[in-house]
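> need coordinates for the below:
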Amino acid sequence: MNKAKPPYYAVIFTSKLKDRTVGYEETAQEMFDLAKSQPGFLGFKSVRQELGITISYWKSIENILMWKKHTKHQV
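Numbers count the residues shown, from 1 in each chain. Purely as a prediction, here's the structure:
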């Protein structure tokens with residue numbers, strides 16, 4: 001994430017995968033590509049061991065709500 005000036009907002013997503021979850025990485029990449037094209041998207045950080053944690057950063061609550069309602073994000 002670039003050094004955005006506050007205020008900005010974070011969305012935290014956690015996941016725990018079973019062995020060999022087919023298609024997860026491809027879907028995660030698709031969601032990232034889609035998110036970065038959305039208004040207000042600032043960036044993200046992601047780590048994965050047993051538990052995966054992704055934090056996405058947004059300019060406003062309204063931008064987060066628009067992302068939450070995006071039809072491809074709801075699948």
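> show me the contacts for Tyr9.
Taking CB atoms under 8 Å, 6 or more residues apart in numbering as the contact definition, Tyr9 lies against 57-61, 63-64. For glycine as for every other residue, the C-beta is placed from the backbone atoms N, C-alpha and C.
> I figured Leu17 hits Gly52, correct?
Yes. Counting by CB atoms under 8 Å, Gly52 is a contact partner of Leu17 at 6.9 Å.
> these two: who's more crowded?
Gly52 (15 against 12; other CB atoms under 10 Å).
> now that one, nearest residue through space, not along the chain?
Ser15 (4.4 Å; CB to CB, 6 or more residues apart in numbering).
> Provide the secondary structure category for the residue of the chain positioned farthest from its centre.
What lies farthest from the middle of the chain is Asp19; by CA atoms, centre = their mean that is 22.1 Å. Judged by DSSP: H, G, I helix; E, B strand; the rest coil, the three-state class of Asp19 is coil.
> report the central residue of the chain.
Centre-nearest of the chain using CA atoms, centre = their mean is Ser56, 4.7 Å out.
> now it: how far from Asp19?
From Ser56 across to Asp19, the span is 26 Å (CB to CB, to the nearest Å).
> re earlier: give me the common contacts of Leu17 and Gly52.
Between them, Leu17 and Gly52 share no contacting residue, judged by CB under 8 Å, 6+ apart.
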